[in-house]
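**Q** can't give you the sequence, but here's the structure:
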């Protein structure tokens with residue numbers, strides 16, 4: 001297995017000699033649980049995690065309510081390991097710390113489960129099944145699958161997901177997945193070990209940023225239907241700040257993904273379609289707009305030939321961009337990366 005990338009230092013409150021008492025790996029399934037102001041929910045949630053899970057990594061992200069102390073005092077499950085950040089890293093930073101520790105300890109599949117009780121531990125088996133069967137590298141919940149249950153989601157969250165959905169598809173390259181901010185996820189540990197944990201966004205954008213980095217690795221991602229569950233938990237997400245952060249993040253990742261996949265890693269017909277499409281569209285719009293403005297100032301009609309040149313350029317540019325989009329959709333990863341890695345490792349050993 002590839003060594004795990006480095007993450008910000010975390011202090012483990014469990015004494016080192018207790019490692020010998022940890023349950024042995026059986027299923028290889030580990031749960032990573034970021035903990036920030038979840039004192040009311042965390043212990044009942046830990047009690048609901050089934051025996052199919054071998055290890056539970058609770059990451060106290062410098063919680064001001066003392067979530068870590070609460071877990072240390074009240075959790076009796078021997079599977080629980082407590083990791084504490086001395087400084088708040090954000091939910092993404094907490095998850096990356098848990099990922100790194102799970103990979104280091106030898107996990108096979110890592111499930112991210114929030115500590116606020118929104119996610120049902122009972123569907124964990126459904127979430128990891130496509131990974132264990134070799135169909136996917138990464139699975140995530142989709143709360144929009146059952147149209148009858150969408151009404152259970154608060155209106156503001158529905159609107160936010162609808163607005164960010166297309167941007168996430170474009171920036172991550174996973175055109176067949178939705179609900180990009182859903183945090184109920186599972187990841188094959190061999191794929192996790194290849195991720196640059198230190199570069200993944202630390203705050204609420206981290207789910208979308210993780211999808212972008214999985215696409216760069218050519219990992220297979222699929223949606224798993226799940227119901228929306230909302231109780232008395234408190235959201236710490238600021239909507240105005242999130243809109244700006246997510247929009248800039250998606251734009252940056254879209255540009256990176258196109259450069260990586262179509263100009264650095266490979267050069268295909270789609271690369272040419274993209275360059276020609278943007279060039280023709282820009283030329284047509286600029287040429288046509290300039291002549292229209294010039295004619296309007298002079299009070300004369302724009303020549304038909306000038307109109308046709310601009311129109312043909314714009315239409316041709318749009319057609320080429322649509323052709324590129326079709327190629328991008330068809331180029332989504334289809335072969336699970338963890339199988340490729342396993343085959344490569346077996347070949348090297350042989």
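**A** Here it is on my side, so go on. Source: prediction; values computed, not measured.
**Q** would you list every one of the helices in the chain?
**A** 42-47, 67-74, 90-105, 124-132, 155-172, 189-192, 206-216, 239-259, 269-298, 304-330, 337-349 (DSSP state H).
**Q** Compare the mean pLDDT across those helices and name the weakest.
**A** Note on the helices of the chain: lowest mean pLDDT is at helix 155-172, with a mean of 80.
**Q** So which elements touch it?
**A** On a contact count with 3 or more Cβ pairs under 8 Å, 6 or more residues apart in numbering; DSSP states H and E, helix 155-172 meets helix 206-216, helix 239-259. The C-beta positions use only the backbone N, C-alpha and C, and glycine is treated the same way.
**Q** wait, isn't residue 135 in contact with residue 222?
**A** Yes. Under the criterion of Cβ atoms under 8 Å, residue 135 makes contact with residue 222 at 7.0 Å.
**Q** Looking at these two, which is more packed in?
**A** Legend: neighbour count by other Cβ atoms under 10 Å for residue 135 and residue 222, higher for residue 222 (16 against 13).
**Q** hang on, isn't the more buried one packed against residue 128?
**A** No. Judged on Cβ under 8 Å, residue 222 makes no contact with residue 128 at a distance of 11.9 Å.
**Q** Mind listing residues that contact stretch 164-181?
**A** For stretch 164-181, the external contacting residues (Cβ atoms under 8 Å, 6 or more residues apart in numbering) are 140-144, 160-161, 204, 207-208, 211-212, 214-215, 221-223, 246-247, 249-251, 253-254, 257, 261, 328-329, 331-332.
**Q** Distance check, residue 132 against residue 111.
**A** Separation of residue 132 from residue 111 (Cβ to Cβ, to the nearest Å): 12 Å.
**Q** Walk me through the domains of the chain.
**A** 11-236, 267-349 (automatic domain parsing).
**Q** okay, those domains, which one's buried deepest?
**A** When those are scored by mean count of other Cβ atoms under 10 Å, the highest mean neighbour count falls to domain 11-236 (a mean of 19).
**Q** how far does that domain sit from the chain's center?
**A** 11 Å (Cα atoms, centre = their mean, to the nearest Å).
**Q** Ok, stretch 285-297 next?
**A** 44 Å.
**Q** who's in contact with residue 206?
**A** Contacts of residue 206 (Cβ under 8 Å, 6+ apart): 90, 91, 92, 95, 96, 200.
**Q** my guess is the fifth one meets residue 200, correct?
**A** In this case it means residue 96. Yes. Residue 96 lies in contact with residue 200 (Cβ under 8 Å); the separation is 5.7 Å.
**Q** what's near enough to touch the closest residue to residue 334 other than its chain neighbours?
**A** The shortest distance from residue 334 to any non-neighbouring residue, by Cβ to Cβ, 6 or more residues apart in numbering, is to residue 220 (6.6 Å). Residue 220 sits next to 135, 136, 137, 138, 333, 334, 335, 336, 337 when contact means Cβ under 8 Å, 6+ apart.
**Q** Go through these and flag which are in strands.
**A** residue 138 (DSSP state E).
**Q** Just give me the closest of the contacts of residue 220 to residue 37.
**A** residue 138 (27.3 Å; Cβ to Cβ).
**Q** Is that closest one bridged to anything, and to what?
**A** residue 187, residue 221 (DSSP bridges).
**Q** who are the neighbours in contact with it?
**A** Here residue 138 is in contact with 131, 185, 186, 187, 188, 191, 211, 214, 219, 220, 221, 222 (criterion: Cβ under 8 Å, 6+ apart).
**Q** Serialize these to JSON lines and add fields for distance to residue 30.
**A** Listed next are the contacts of residue 138 as JSON lines, based on distance: Cβ to Cβ, whole Å:
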{"residue": "131", "distance to residue 30": "12"}
{"residue": "185", "distance to residue 30": "13"}
{"residue": "186", "distance to residue 30": "10"}
{"residue": "187", "distance to residue 30": "10"}
{"residue": "188", "distance to residue 30": "12"}
{"residue": "191", "distance to residue 30": "14"}
{"residue": "211", "distance to residue 30": "20"}
{"residue": "214", "distance to residue 30": "18"}
{"residue": "219", "distance to residue 30": "18"}
{"residue": "220", "distance to residue 30": "20"}
{"residue": "221", "distance to residue 30": "19"}
{"residue": "222", "distance to residue 30": "20"}
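**Q** and the two most separated of those?
**A** 131 and 211 (15.5 Å).
**Q** would a markdown table of the helices and strands packed on helix 155-172 with distance to residue 279 be doable?
**A** Shown next, in a markdown table, are the helices and strands packed on helix 155-172 (distance: least, Cβ to Cβ, whole Å):
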| stretch | distance to residue 279 |
| --- | --- |
| helix 206-216 | 26 |
| helix 239-259 | 15 |
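**Q** Indicate which one of the ones you listed is closest to residue 341.
**A** Taking those one by one with Cβ to Cβ, helix 206-216 is closest: 13.5 Å.
**Q** any idea of the angle that closest one forms with helix 337-349?
**A** 50 degrees (axes from the mean of the first three to the mean of the last three Cα atoms, to 10 degrees).
**Q** contacts for stretch 295-304?
**A** So stretch 295-304 is contacted by 291, 292 (Cβ under 8 Å, 6+ apart).
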